[in-house]
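Visitor: requesting a structural model of the entry that follows:
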Amino acid sequence: MKMLFGIFFGFLLCACSLNAGRPPVDLENEKNLAVKEADRFLVRFDLDAYEENWDELGKIAKAAESREDWIKSIAASRKAVGKIENREMEGSGISENPKDMPPGQYVVVVYASTFSGAVLKERVTLQKESGRWRPIGYFLLRNV
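Guide: Model prediction:
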């Protein structure tokens, strides 16, 4: 699992795209905008604002699971690890049109997080949708 995550994250960190026929995109600025949205997403989780986070999800995430199931699953996962005590961003990567994903821009942000009941990594995946960065994935990963 750790190896797969490392390969996927490494791919996103190293991915470059050619913007033939399009104006240049400031990838660093885009990544920073996505990180800010990931930060807001996590703060809403910390406040147990699961319904609000559902409303902010991208289409990919909403198509994968019903609102009720998603909220129930996320709430149970977060309850199991306890309240957040500390969170620091470890890294982020941006990619355009990654393999096995619908076309578009994606950012993955990884945080080292300490909860009252566990020390974990949090991974937020975002996709640029209609000019906005929207979360499409949230994962709690054990430190190995």
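Visitor: which residues of the protein fall in strands?
Guide: 84-96, 105-115, 118-129, 132-142 (DSSP state E).
Visitor: most tightly surrounded among these?
Guide: strand 105-115 (a mean of 21; mean count of other Cβ atoms under 10 Å). Using the backbone N, CA and C atoms, a C-beta is placed for each residue, glycine as well.
Visitor: give me the residues contacting that strand.
Guide: 8-9, 12, 30-31, 34-35, 38, 42, 81-96, 98, 119-128, 133, 143 (Cβ atoms under 8 Å, 6 or more residues apart in numbering).
Visitor: and the helix ranked longest in the chain, what does it pack onto?
Guide: Identified as the longest helix of the chain according to DSSP state H is helix 27-46. Packing partners of helix 27-46 (3 or more Cβ pairs under 8 Å, 6 or more residues apart in numbering; DSSP states H and E): helix 50-56, strand 84-96, strand 105-115, strand 118-129, strand 132-142.
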